[in-house]
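Chemist: I need the structure of the sequence given here:
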Amino acid sequence: MHLDVHDLRNFYYRTRLGRAAQKAVRDQMLRFWPRAEGETVAGFGFAVPLMRPYLDHARRVVVLMPGPQGVMRWPPGRPNVVTLCEETLWPLRDEQADKLVVMHGLEVSENAAGVLGEAYRVLKPEGRALFIVPNRAGLWSRNDLTPFGFGRPFSLGQLEAQIASHDFKPCNHAAALFQPPSERPFWMRAGGLLERAGRNITGRFAGGVLMVEATKQVPARFNGSRVSARRPLRMLEGIGAPAPGRARDSAPGPSQSRP
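Modeler: Just a heads-up that it's a prediction; the model follows:
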């Protein structure tokens with residue numbers, strides 16, 4: 001079930017906790033990809049909170065929002081880079097994106113396989129994808145006051161296995177949102193310290209979100225179904241000549257006498 005775009009916008013841009021979450025996830029993403037000079041950067045789901053650092057130096061930034069979620073214009077005061085699309089029919093050419101960010105897109109989709117198939121299609125062979133999902137062992141996935149409390153949360157192993165089954169090769173992972181999902185003044189003041197401390201420990205269980213960076217496996221494996229026969233079926237076998245050991249027709253011929 002997709003969240004409504006208005007709820008996502010209100011959380012990330014109009015609440016203190018949302019702005020803190022936006023900064024924490026974006027800072028961790030920039031540790032993977034500090035810059036994107038001359039590259040095409042795409043986002044799917046609700047990735048606009050992470051795209052601003054690339055607007056000035058990327059060749060192109062495009063954000064795809066699925067139809068069930070809805071769409072908003074972004075960024076304010078600049079040319080719009082957001083478009084509405086079908087979950088499994090993205091308006092991008094094959095192998096067009098150098099970098100792809102998927103946030104609030106995989107865990108809420110009813111067709112995750114289709115989303116991953118489109119992600120594979122639009123990513124260049126040397127490109128990188130970053131999948132951001134709620135951590136099932138974290139506090140944020142248990143709190144439905146934030147967008148990370150909706151949809152299917154993942155463990156690190158589950159996320160890596162799912163993207164690997166669609167021909168992505170996980171190459172790095174991290175976590176973010178180590179502060180509790182609370183707007184109490186103490187936790188808001190301690191948020192930055194908790195994020196910095198959390199980066200120095202394993203985020204497999206502590207972080208609110210998991211982030212897996214992956215490349216695409218080229219060529220893709222065959223994912224369709226093959227039917228193999230133990231012995232080829234010969235439709236006309238035995239018509240041209242009788243098979244060995246098969247009895248002849250027992251019907252009497254002209255020279256045979258009936259009893």
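Chemist: Report the contact partners of A214.
Modeler: Residues near A214 by C-beta atoms under 8 Å, 6 or more residues apart in numbering: 128-131, 163, 168-171. C-beta: built from backbone N, CA, C; applies to glycine.
Chemist: would you list every one of the strands in the stretch 1-150 of the chain?
Modeler: 40-45, 60-66, 82-85, 97-103, 123-134 (DSSP state E, counting those that start in this stretch).
Chemist: still on that earlier bit, just the buried residues of the contacts of A214.
Modeler: Buried members of the contacts of A214, scored by 16 or more other C-beta atoms under 10 Å, are 128-131, 163, 168, 170.
Chemist: out of those, what pair is the most spread apart?
Modeler: R128 and I163 (12.4 Å; C-beta to C-beta).
Chemist: between the top helix by length along the chain and strand 123-134, how big is the angle?
Modeler: Across the chain, the helix with the greatest residue count (assigned by DSSP state H) is helix 16-32. Interaxial angle, helix 16-32 versus strand 123-134 (axes from the mean of the first three to the mean of the last three C-alpha atoms, to 10 degrees): 140 degrees.
Chemist: how far is helix 16-32 from where the chain is centred?
Modeler: The chain centre lies 19 Å from the centre of helix 16-32; the measure is C-alpha atoms, centre = their mean, to the nearest Å.
Chemist: quick check: angle from that helix to strand 97-103?
Modeler: Using the same axes, to 10 degrees: helix 16-32 against strand 97-103 is 150 degrees.
Chemist: what's helix 16-32 packed up against?
Modeler: Packing partners of helix 16-32 (3 or more C-beta pairs under 8 Å, 6 or more residues apart in numbering; DSSP states H and E): helix 5-14, helix 48-51, strand 123-134, strand 168-176, helix 185-198, strand 209-216.
Chemist: Show me which of the buried ones among the contacts of A214 is closest to L89.
Modeler: A129 (18.2 Å).
Chemist: who's in contact with the closest one?
Modeler: By C-beta under 8 Å, 6+ apart, the neighbours of A129 are 99-102, 119, 123, 163, 168, 213-216.
Chemist: So in terms of bridging, what pairs with it?
Modeler: A129 has the following beta-bridge partners by DSSP bridges: L100, A214.
Chemist: circling back to that earlier point, what sits up against the longest helix of the chain?
Modeler: Contacting residues not belonging to helix 16-32 are listed as 10-13, 49-50, 52-53, 101, 103, 128, 130, 132, 146, 148, 172, 174-179, 181-183, 188, 191, 195, 199, 208-209, 211, 213 [C-beta under 8 Å, 6+ apart].
Chemist: For it, list every residue counted as buried.
Modeler: 17-18, 20-22, 24-25, 27-29, 32.
Chemist: Then stretch 40-54?
Modeler: Neighbour counts over stretch 40-54 (16+ other C-beta under 10 Å) mark 40-51, 53-54 as buried.
Chemist: again, but for stretch 135-142
Modeler: For stretch 135-142, the neighbour count (16+ other C-beta under 10 Å) marks 135-141 as buried.
Chemist: what's the answer for stretch 91-108, then?
Modeler: Per 16+ other C-beta under 10 Å, stretch 91-108 contains these buried residues: 92, 95-108.
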